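**Student:** Next come a sequence and a model predicted from it.
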Amino acid sequence: MGQVPHLLLQLAVILATARVLALLLQRVGQPPVIGEMVAGIVLGPVVFGAALPELHAFVFPPGRLAALEGLSQIGLVLFMFIVGAELRTPDGAAARLRAAGWVGVSGVLLPMALGLATAPLLHARFAPAGVGFWPFALFMAASMAITAFPIMARILKERGMTQSRLGQLALASAAIADVLAWIMLALVVALIGTHGGWGAFAAMLAGLAGLGALGFGLLRPLLARVLARHAPDGRPGGALLGSLLIGTCAMAAATEALGLHAVFGAFLFGACLPRDDRLLDTLVERLQHVAVLLLMPVFFALAGLHTTPDAFTATALPALLLILAAAVLGKVLGAGGGARIAGLGWREAFAVGALMNARALMELIVMKVGLDAGVIGAEIFTMLMVMAIATTLMTTPLLDLGLRRRREAVLPTAAP
């Protein structure tokens, strides 16, 4: 069978599995992305490979995955570009910045501390050969700190809570938490990529700082002027949209050239765009549907192919439970505690912690960065994937438990 027909067969299997499971999970009140993430595990060696090994080897032979890897990379870059454009402080949240700071920072520090605490129990058994304790420990800390800002935004939008006090606090807190977590992850990847050489590490950080200065000092005002002139309605034409895609790919290539992952550059370029809801709606309309419906299921499937049944053995199961407990307690107690300090009641604070606990696709991106950097192996990768699915599945039930299905009154966006 030729290369192109085999790729089309793989795409058909991946998309069909993802759509079916997404529809099934939607029927029980879960976001479609959960079904697509579960499809990744189903298509991997844990389910499909174990049940039908010969058919699995025919559909996903190791030598026939390069085209899927390319599609996955494109989808990942496009998605992180949208996430960067989407990540912003919600309207009216500036007056509640202190409260969001408490939630965001505590929702990062406690999960990171628990991630560090798990590392001594996991490093000797699960770290790849040659990976030192501190790179592994710092990666575990960063992987615990992530919150799925896009998923949280969609859950709040579906429930009509985007403009509520609780919703705006959660969104602003998630923005702060994700910026801190991504900075931490970039530092960890830089440390790993330079093999602990402090001179090379400093050079990589200088390069990253230079890209940041280029993005926010030059590109952001330039893009604002170009878009204001050529797309005053927030709907760039084909030529301008193509230019934005060129910039996204160029910035992603630049961070890869520095020894970091392409996702950092794509995210950075998206963050440089003007904070215009009309522009964001256009990008979502024209790019996100392709990335999410076609390309991201490929990413999930490839992630599933990197999983291993060894993560579910009797000796590995305690480690899986430890990671899950550290992830849930770190976010719910950390972010919820920050919300209590900020003045929310116990139920509302618990609801904020439940929202911050959602990790979804953002955790899978972090895992892929760690796997590509060689800091984790298949077993920890599988455990983190299970954790990402489990914590996101918990979000809606825990939110309902915290609020007891009571709809919060919508407040004016300018209210303090």
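**Tutor:** Perfect, I can see it now. Numbers count the residues shown, from 1 in each chain.

**Student:** Going by C-alpha atoms from here, please, whenever you check contacts or count neighbours.
**Tutor:** Fine.

**Student:** if I look at Leu403, how far off is Glu348?
**Tutor:** Leu403 is 7 Å from Glu348, where distance means CA to CA, to the nearest Å.

**Student:** Equivalent analysis for Leu279, please.
**Tutor:** Distance, Leu279 to Glu348, using CA to CA: 32 Å.

**Student:** which residue ranges form the helices in the stretch 101-250 of the chain?
**Tutor:** Ranges of helices in the stretch 101-250 of the chain, per DSSP state H, counting those that start in this stretch, are 133-145, 149-158, 165-193, 198-213, 220-230, 238-257.

**Student:** Next: the stretch 301-416 of the chain.
**Tutor:** In the stretch 301-416 of the chain, the helices defined using DSSP H, counting those that start in this stretch lie at 317-341, 346-356, 360-373, 378-403.

**Student:** Of those, which is nearest Thr255?
**Tutor:** helix 360-373 (12.6 Å; CA to CA).

**Student:** and the closest one, how far from the chain's centre?
**Tutor:** Offset of helix 360-373 from its chain centre (CA atoms, centre = their mean, to the nearest Å): 8 Å.

**Student:** now swap in stretch 359-372 and tell me
**Tutor:** Distance, stretch centre to chain centre, for stretch 359-372: 6 Å (CA atoms, centre = their mean).

**Student:** Kindly report the same for stretch 155-167.
**Tutor:** From the chain centre to the centre of stretch 155-167 is a distance of 20 Å (CA atoms, centre = their mean).

**Student:** what distance separates the start and the end of that stretch?
**Tutor:** Note: stretch 155-167 ends 10 Å apart using CA to CA.

**Student:** Which positions within it qualify as buried?
**Tutor:** Buried positions in stretch 155-167, judged by neighbour count with 16 or more other CA atoms under 10 Å: 155-156, 161-167.

**Student:** first to last residue in stretch 350-370, what's the distance?
**Tutor:** Per CA to CA, stretch 350-370 runs 30 Å from first to last residue.

**Student:** hmm, back to that, show me which pair in the buried residues of stretch 155-167 is furthest apart.
**Tutor:** Ile155 and Arg165 (15.0 Å).

**Student:** distance of the closest residue to Val332 other than its chain neighbours from Leu295?
**Tutor:** Take Val332 and drop its neighbours on the chain: the residue closest to it by CA to CA, 6 or more residues apart in numbering is Gly353, 4.0 Å away. In this view, Gly353 and Leu295 are 31 Å apart by CA to CA.

**Student:** Which one of those two is surrounded by more residues?
**Tutor:** A side-by-side neighbour count of Gly353 and Leu295, using other CA atoms under 10 Å, places Gly353 first with 30 against 24.

**Student:** For the residue nearest to the spatial centre of the chain, which residues are in contact?
**Tutor:** Centroid check for the chain by CA atoms, centre = their mean gives Met362 as the closest residue, at 1.0 Å. By CA atoms under 8 Å, 6 or more residues apart in numbering, Met362 lies in contact with 146-148.

**Student:** just the CA coordinates of the host helix or strand of Gly70, formatted as CSV?
**Tutor:** Element membership of Gly70, judged by DSSP states H and E, is helix 66-86. Written as CSV, here are the backbone C-alpha positions of helix 66-86 (Å, rounded to 0.1, in the frame of the first residue of the first chain):
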residue,chain,number,x,y,z
ALA,A,66,6.3,10.6,9.7
ALA,A,67,3.4,12.2,7.7
LEU,A,68,1.3,12.1,10.8
GLU,A,69,4.1,13.7,12.9
GLY,A,70,4.2,16.6,10.4
LEU,A,71,0.4,17.1,10.5
SER,A,72,0.5,16.9,14.3
GLN,A,73,3.2,19.6,14.4
ILE,A,74,1.2,21.9,12.2
GLY,A,75,-1.9,21.4,14.3
LEU,A,76,0.1,22.1,17.5
VAL,A,77,1.6,25.3,16.2
LEU,A,78,-1.8,26.6,15.0
PHE,A,79,-3.5,25.7,18.2
MET,A,80,-0.8,27.4,20.4
PHE,A,81,-1.0,30.5,18.2
ILE,A,82,-4.8,30.7,18.9
VAL,A,83,-4.1,30.1,22.7
GLY,A,84,-1.6,32.9,22.7
ALA,A,85,-4.1,35.2,21.0
GLU,A,86,-6.9,34.1,23.3
